[in-house]
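Trainee: This is a predicted model, with the sequence first.
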Amino acid sequence: MDLRRTQGGWGLLIVLVALAVVAFLARDVLTAYLGGATQPAGTDVSRPAAPRGSGAAPPEPAMQRPVERARSVEETVARGAADRAKALEERGR
């Protein structure tokens with residue numbers, strides 16, 4: 001009994017379907033992570049220059065939000081570590 005003849009290519013089909021599902025889920029996760037700020041194909045990704053003297057701030061890039069969240073987490077962890085060190089120092093006295 002030759003196992004390759006009995007499968008008939010179903011294994012490859014299953015792998016391709018699984019790959020399609022993973023690609024679909026990865027796209028949804030990236031869209032949710034970036035806040036839906038994806039560029040459609042064919043659009044210019046360069047930031048337009050603001051007119052001089054307008055006083056308008058340039059638009060915030062989509063990746064700035066995750067960086068700000070990471071900095072906020074870092075500050076929170078640092079504050080917690082400082083609080084724990086202070087509590088340990090007070091207990092030791």
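Mentor: It's in.
Trainee: how about low-confidence regions in this structure?
Mentor: Low-confidence segments of the chain (pLDDT under 70): 1-7, 36-64, 93.
Trainee: ok, then the element right after the helix or strand encompassing residue 26?
Mentor: Assigning secondary structure by DSSP states H and E places residue 26 in helix 10-33. Using DSSP H and E, the helix or strand that follows helix 10-33 in sequence is helix 64-92.
Trainee: Report the angle between that following helix and helix 10-33.
Mentor: 80 degrees (axes from the mean of the first three to the mean of the last three Cα atoms, to 10 degrees).
Trainee: Please point out which parts of helix 64-92 sit buried.
Mentor: By neighbour count on 16 or more other Cβ atoms under 10 Å, the buried set for helix 64-92 is empty. Using the backbone N, CA and C atoms, a C-beta is placed for each residue, glycine as well.
Trainee: Kindly report the domain assignment for this structure.
Mentor: The domain map for the chain lists 1-37, 63-93, with the assignment taken from automatic domain parsing.
Trainee: hmm, back to that, which helices and strands sit right next to the helix holding residue 26?
Mentor: For helix 10-33, there is no helix or strand it packs on, judged by 3 or more Cβ pairs under 8 Å, 6 or more residues apart in numbering; DSSP states H and E.
Trainee: Export stretch 24-33 to PDB, keeping only CA atoms.
Mentor: In PDB, the C-alpha atoms belonging to stretch 24-33 read as follows (Å, rounded to 0.1, in the frame of the first residue of the first chain):
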ATOM      1  CA  PHE A  24      -6.200  36.500   7.000                       C
ATOM      2  CA  LEU A  25      -5.900  36.600  10.800                       C
ATOM      3  CA  ALA A  26      -2.500  38.300  10.700                       C
ATOM      4  CA  ARG A  27      -3.900  41.100   8.500                       C
ATOM      5  CA  ASP A  28      -6.800  41.700  11.000                       C
ATOM      6  CA  VAL A  29      -4.400  41.800  13.900                       C
ATOM      7  CA  LEU A  30      -2.000  44.200  12.200                       C
ATOM      8  CA  THR A  31      -5.000  46.400  11.200                       C
ATOM      9  CA  ALA A  32      -6.200  46.400  14.800                       C
ATOM     10  CA  TYR A  33      -2.700  47.100  16.200                       C
END
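Trainee: If anything else comes up later, I'll come back, but that's it for now.
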